[in-house]
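**Student:** no sequence on this one, just coordinates:
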């Protein structure tokens, strides 16, 4: 039979083990709270080496057995031709300079369209798309939906509009394995992003709703129609307010 001393040692080990487990469990919520903030602050100053969307696409290709290569090359906003950021604002989020992560008017319009049985119009802002592509995994559950609301606010608090737009342009998907405007400009037009014309920028922005089906190097009539609409909107935005032309850091700070 075990001695009283042995039983005491076993009991102490059990208590110590439980205390360690409890400490680890108590540390999990603070870590989950601190890590997103730390990464957001870090990526405010350095280029993200990859995004969650890039990882997602890599796993999808491995599961399907399809050949896959990823092209991603970070370029600062002041090295991107001014028509390109203006084109994505015109196409994706015309209130980008005014909202704080969520365009509530666009959300209301989207709900109205849905309730009336019409085609649902997107209401996702550039900030939301940047947060989703950079940080979030594809599964749809309540935790992810909560993070979809949390990360855009975090970006708007920790970054300025210049950095949000710069990151969006560098990680957004323009085609199979084509991430960011530099990779897209070289792949589709054989030139760096700094030499894109307004027409080329509008064409790239035109494929963003579905870059796997819509092709900038083989534009359909639908893509050409979107390109013309985006060019018109770019002209309207230039006339409305010079701040909507994000060509330099000063204009976006």
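**Tutor:** The structure has been received and is ready for your questions. Please read these numbers as outputs of a predicted model, since none were measured by experiment.
**Student:** The nearest residue to residue 159 once chain neighbours are set aside: neighbour count?
**Tutor:** In space, and not counting its chain neighbours, residue 159 is closest to residue 44: 5.4 Å by CB to CB, 6 or more residues apart in numbering. Bear in mind the C-beta positions are built from the backbone N, C-alpha and C, glycine included. Residue 44 sits with 14 neighbouring residues when counted by other CB atoms under 10 Å.
**Student:** pretty sure residue 44 is in contact with residue 157, am I right?
**Tutor:** No - when contacts are counted by CB atoms under 8 Å, residue 44 is not listed as touching residue 157 (10.6 Å).
**Student:** Could you break the protein into its assigned domains?
**Tutor:** 1-43, 44-252 (automatic domain parsing).
**Student:** can I get those in TSV with mean pLDDT?
**Tutor:** Formatted as TSV, the domains of the chain follow (pLDDT from 0 to 100):
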stretch	mean pLDDT
domain 1-43	62
domain 44-252	87
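**Student:** Just name the most buried of these.
**Tutor:** Each of those was scored by mean neighbour count; the highest is domain 44-252, a mean of 17, by mean count of other CB atoms under 10 Å.
**Student:** Would you map the helices across the protein?
**Tutor:** 4-43, 52-64, 83-92, 104-115, 126-135, 142-158, 161-171, 181-189, 198-206, 221-240, 249-252 (DSSP state H).
**Student:** Next, the contact list for the residue most central in space within the chain, please.
**Tutor:** By CA atoms, centre = their mean, the mean C-alpha position of the chain lies nearest to residue 130, the distance being 2.1 Å. Residue 130 makes contact with 152, 155, 164, 167, 168, 171, according to CB atoms under 8 Å, 6 or more residues apart in numbering.
**Student:** Could you rerun that using 10 Å?
**Tutor:** Residue 130 is in contact with 51, 101, 151-152, 155, 159, 163-172, counting by CB atoms under 10 Å, 6 or more residues apart in numbering.
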